[in-house]
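Q: Need the 3D shape of this:
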Amino acid sequence: MAAAGAPQTLAWALLMAAAWQRLAEASEAVQPAPGGAASAAVTPSGNATVGAKGLRGAAAAAAAGGGRAQRKGNASSGLPVTAACSASDSRLMERLGAGNAAGTFPEVVADCRSVSWKLFAGFQEGQFKSCLLQRIGFSATCAQCFVPAGTFGYRNCKFPCLFGSWCSRICLGCTDPTRQQVTSCAGVPIPEATAC
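A: Sure, this is the predicted structure:
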């Protein structure tokens, strides 16, 4: 009977080892470029890529724009988008507040992230964005700023965040490299999570 469980145990150990390796690689890959500027480019399709592994879309476009808080174009124009969140969006985030308690802004985002992560199907961007729109009520352009962070988290942090607490120091530390890009894209302060 013990032999039957051995392949499952081995598979689990290999999955965990691979996850920790990716976590280590991600930590090294997200170091800022010399001079503190992120390297980024906007592709002809309107998607932006940035030197930090796994960041695309509005967050990368914000990094390409140097984090300036000004609206420039939209995703379909291929121009960087910053200040995507309105004053109304900012008030909604402020109302929920920072921290790690149930119902705080970081907890709602983490909850939407966890229901959108499928171990074998990947990160479900549409489901994540819909959850944010429904639970927080902010604009679609503002919600889009959080999608690249969700993708980064899935690619690099799923094991410490899904199998541990979303507000553990290791999960928050793993997802922290995306915070500046989200804030640059949003153009407003984002309520921060605190460790639990």
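Q: can you map out the helices along the chain?
A: For the chain, the helices defined by DSSP state H occupy 2-29, 57-64, 87-96, 105-116, 125-136, 140-144, 147-162, 169-175, 179-186.
Q: Check the average confidence over the second one, would you?
A: For helix 57-64, the mean pLDDT works out to 39.
Q: Flag the shaky bits of this structure, pLDDT-wise.
A: Applying pLDDT under 70 to the chain flags the ranges 1-81.
Q: From the opening residue of stretch 182-194 to its closing one, how far?
A: 17 Å (C-alpha to C-alpha, to the nearest Å).
Q: For it, list every residue counted as buried.
A: 182-188, 190-193 (16 or more other C-beta atoms under 10 Å). (Glycine included, C-beta is placed from N, CA and C.)
Q: Would you point out the most distant pair within those residues?
A: Gly187 and Ala193 (19.7 Å; C-beta to C-beta).
Q: you'd agree Val188 is up against Ser88?
A: No: applying C-beta atoms under 8 Å, one finds Val188 not in contact with Ser88, separated by 10.2 Å.
Q: Stretch 102-115: which residues count as buried?
A: 104-114.
Q: for those residues, which one is nearest Phe152?
A: Nearest member of the buried residues of stretch 102-115 to Phe152, counting by C-beta to C-beta, is Arg113, at 10.6 Å.
Q: how close does the closest one sit to Leu92?
A: 18 Å (C-beta to C-beta, to the nearest Å).
Q: same question, Val108
A: 10 Å.
Q: same question, Phe138
A: Counting by C-beta to C-beta, the gap from Phe138 to Leu92 is 5 Å.
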